[in-house]
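Novice: sequence first, predicted model second:
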Amino acid sequence: MSNKIKGGVNVKGLKKVIGLMLVFILVFSITACGNDTKDSDTPPTDDEGEEPVDSTPDVGEEGKVLNIWGWNDEFKGLFERYFVDEGLLPDDVEVKFTLVPNDDNAYQNALDEALLGQANAPDDEKIDLFLVEADYALKYVDSDYTIDILNDVGLKQEDIQGQYKYTQEIVTDGDGVIKGSSWQATPGLFAYRRSIAKDVLGTDDPEAVQEALSTWEKFHEVAEEANKKGYKMLSGYDDSYRTFSNNMSNPWVDENNNIVLDDNIVNWIKQTKEFTDKGYNNKTQLWEDPWAADQGSEGKVFGFFYSTWGINFTLLGNALDTPLPDGLTATSDPEAFEEATTGNGIFGDYGVVEGPQNYYWGGSWLCAAAGSDNLDLVQEIMRTMTCDEKTLTNITKDTQDFTNNIKAMETLAQDDEFASAFLGGQNHIKLFTESAKGIDMSNISPYDQGLNEGIQTAFKDYFNGTIDYDTALDNFYNAAIEKYPELKRP
């Protein structure tokens, strides 16, 4: 990791990759008083005469515009509710959110371009905070564009000591420096349809269902029984992928830059091919309409592998025939929430179990940008939004998401009154706390995003039967080396 090449690109030389790329950017702003939105221009694109960003924190006067970059409005909503609405934003500071969709790598491309111009940007246009995901976090962590959240931003060890350690490992650079912080932890579970479990297994009790799905061998047996009843065990090719990929025994790339095809990836390929050939899945693809439809009232799929965010946002939304009004949650208005969800689609028909294998999936991290002129405010945002036990407890109560504070989550796990109506009254936090204990990030690599996406893409034709295994594997290696020229076939 010392060569600073992350995701196949030398971070200090990103200008060679970005070139003259133009990206349309949606810009949102909120103010301390009214949280109004307003537009901003696309980040500067001057490629000539740029200097490496100075990673030394600016200790001068704090800026009056706080710039935050991300790819969706999830953190924006949390920030407004738990920071701005709590009166923690100084009255004279304006906040601008620049949100660029993830499609076709647009967010990273736009962010890279803006970071390249960070040193020469006017103070009010400098990025202060930006968000990253697990699969590409190291690209930014192992660069000079992010700074130490302890020694530079000013958080204390006691601030972060209550977080799940794996969330810190993901954003720790090769020198052991922590350069990001997250409000969420993302252990995974298996969400199953209670009505289908009753038909196939004779029970929807979570303990009984977990026993039936506790190993991959048993999982296959249930898939066979479900098929006899006219159900699919999984929706598509990618549903179980993260359960395998996030349990790999080795990183995707070894010390000699050889691509390593881990046994767990091979096992995913074998399982998916068998499930496809035997009709145990619906041949859908992650995030596409048929996949989403399989999670709704017309779906005939036994269950879905999902982490914390997926269950409480994506799965819940797909399960409803009529979407909930914006902002309505079980906490914000319990009576209205009950009225809106009762009899709505298959709300209440899902349950969750650990499934055959512990895993995690996804997550978002806040990184402080080198050159920020708002480090005191960045420090307070990170402390409140990613470290404060009260704030994180409230986020979980309001959103049902699993947040990044061990004490808060263990307290809710033992709370007999805390339950998810969507999951038939289960306290899913109790299961998540157990799953989180088994997360191992030792094999994370800077190539994870490209190779995870590449292997799934390359093998779809194999699953469909249009090419053989060797051709699919060859296609994967060719695409991987085209994306990362420094890598080699094994």
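Specialist: Okay, I see it.
Novice: return the set of buried residues in the longest helix seen in the chain.
Specialist: Ordering each helix of the chain by length in residues (DSSP state H) puts helix 448-464 first. Of the residues in helix 448-464, 448-452, 454-456, 458-460, 462-463 count as buried by neighbour count, 16 or more other Cβ atoms under 10 Å. Any C-beta I mention is one placed from the backbone N, CA and C, and that applies to glycine too.
Novice: got those as a markdown table, with pLDDT and distance to residue 330 columns?
Specialist: As requested, these are exported to a markdown table (pLDDT from 0 to 100; distance: Cβ to Cβ, whole Å):
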| residue | pLDDT | distance to residue 330 |
| --- | --- | --- |
| 448 | 94 | 35 |
| 449 | 93 | 34 |
| 450 | 95 | 39 |
| 451 | 97 | 39 |
| 452 | 97 | 34 |
| 454 | 97 | 40 |
| 455 | 98 | 38 |
| 456 | 98 | 35 |
| 458 | 98 | 42 |
| 459 | 98 | 40 |
| 460 | 97 | 38 |
| 462 | 98 | 43 |
| 463 | 98 | 39 |
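Novice: and which of these is nearest to residue 228?
Specialist: Set against residue 228, the nearest of those by Cβ to Cβ is residue 463 (22.1 Å).
Novice: how about the contacts made by that closest one?
Specialist: 237, 272, 273, 276, 283 (Cβ atoms under 8 Å, 6 or more residues apart in numbering).
Novice: same check on residue 362?
Specialist: Per Cβ under 8 Å, 6+ apart, neighbours of residue 362: 133, 134, 186, 307, 309, 310.
Novice: ok, the contacts of residue 463 vs residue 121, which is closest?
Specialist: When these are compared for distance to residue 121 (Cβ to Cβ), residue 237 wins out at 42.7 Å.
Novice: how many residues are close by the closest one?
Specialist: The tally of other residues near residue 237 (other Cβ atoms under 10 Å) stands at 26.
Novice: about what we covered before: just the buried members of the contacts of residue 362?
Specialist: 133, 134, 186, 307, 309, 310.
Novice: from those, which has minimum pLDDT?
Specialist: pLDDT across these is lowest for residue 309, at 89.
Novice: how much space between the nearest residue to residue 336 once chain neighbours are set aside and residue 309?
Specialist: Excluding its sequence neighbours, the residue lying closest to residue 336 (Cβ to Cβ, 6 or more residues apart in numbering) is residue 328, at 6.0 Å. According to Cβ to Cβ, to the nearest Å, residue 328 and residue 309 sit 18 Å apart.
Novice: equivalent analysis for residue 390, please.
Specialist: Residue 390 sits 21 Å away from residue 309, going by Cβ to Cβ.
Novice: any stretches of the stretch 351-490 of the chain with poor pLDDT?
Specialist: Residue ranges of the stretch 351-490 of the chain with pLDDT under 70: none are present.
Novice: domain-wise, how is the protein divided?
Specialist: Under the assignment automatic domain parsing, the domains of the chain span 5-185+362-410, 188-239+281-359+414-436.
Novice: minimum distance to residue 483: which of the ones you listed has it?
Specialist: domain 5-185+362-410 (5.6 Å).
Novice: just how off-centre is the closest one within its chain?
Specialist: Centre-to-centre, domain 5-185+362-410 and its host chain are 15 Å apart (Cα atoms, centre = their mean, to the nearest Å).
Novice: going along the chain, name the strands of this protein.
Specialist: Taking DSSP state E as the test, the strands found in the chain are 5-6, 9-10, 26-31, 65-70, 94-99, 129-133, 188-193, 303-307, 350-353, 364-368.
Novice: tell me, which of these is the model least confident about?
Specialist: Across these, strand 5-6 has the smallest mean pLDDT, namely a mean of 33.
Novice: starting at the chain centroid, how far to stretch 338-347?
Specialist: Distance of stretch 338-347 from its chain centroid, counting by Cα atoms, centre = their mean, is 27 Å.
Novice: residues making contact with it?
Specialist: Contacts for stretch 338-347 (Cβ under 8 Å, 6+ apart): 193, 195, 296-297, 316, 319-322, 324-325, 328, 330, 348, 421-422.
Novice: circling back to that earlier point, kindly reformat the buried ones among the contacts of residue 362 as JSON lines containing distance to residue 403.
Specialist: As requested, those are exported to JSON lines (distance: Cβ to Cβ, whole Å):
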{"residue": "133", "distance to residue 403": "17"}
{"residue": "134", "distance to residue 403": "16"}
{"residue": "186", "distance to residue 403": "10"}
{"residue": "307", "distance to residue 403": "13"}
{"residue": "309", "distance to residue 403": "11"}
{"residue": "310", "distance to residue 403": "15"}
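Novice: returning to what we had before: most widely separated two among the contacts of stretch 338-347?
Specialist: 195 and 325 (26.5 Å).
Novice: which among the contacts of residue 362 gets closest to residue 78?
Specialist: Nearest member of these to residue 78, counting by Cβ to Cβ, is residue 309, at 11.9 Å.
Novice: what separation is there between the closest one and residue 402?
Specialist: For residue 309, the distance to residue 402 - Cβ to Cβ - is 8 Å.
Novice: got any residues that touch both of those two?
Specialist: Common neighbours of residue 309 and residue 402, using Cβ under 8 Å, 6+ apart, are 184, 186.
Novice: among the strands of the chain, which comes closest to residue 155?
Specialist: strand 364-368 (9.7 Å).
Novice: other residues contacting that closest one?
Specialist: Against strand 364-368 from outside (Cβ under 8 Å, 6+ apart): 70, 74-75, 128-134, 137, 140-141, 146-147, 149, 152-153, 167, 170-171, 179-184, 375, 378, 381-382, 385-386.
Novice: tell me the angle of it relative to strand 129-133?
Specialist: Orientation check (axes from the mean of the first three to the mean of the last three Cα atoms, to 10 degrees): strand 364-368 against strand 129-133 gives 140 degrees.
Novice: can you give me the angle strand 364-368 makes with strand 65-70?
Specialist: On the basis of the same axes, to 10 degrees, strand 364-368 is oriented at 140 degrees to strand 65-70.
Novice: just the CA atoms of strand 364-368, as PDB, please.
Specialist: C-alpha atoms of strand 364-368 as PDB (Å, rounded to 0.1, in the frame of the first residue of the first chain):
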ATOM      1  CA  SER A 364     -20.400   5.500   4.500                       C
ATOM      2  CA  TRP A 365     -17.600   7.400   6.100                       C
ATOM      3  CA  LEU A 366     -16.900  11.100   6.600                       C
ATOM      4  CA  CYS A 367     -13.400  12.200   5.600                       C
ATOM      5  CA  ALA A 368     -11.900  15.600   6.400                       C
END
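Novice: ok, back up a step: save the domains of the chain as a markdown table, and put in distance to residue 255 too.
Specialist: As requested, the domains of the chain are arranged in a markdown table below (distance: least, Cβ to Cβ, whole Å):
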| stretch | distance to residue 255 |
| --- | --- |
| domain 5-185+362-410 | 13 |
| domain 188-239+281-359+414-436 | 25 |
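Novice: out of these, which gets nearest to residue 442?
Specialist: Closest approach to residue 442 among the domains of the chain (Cβ to Cβ): domain 5-185+362-410, 7.8 Å.
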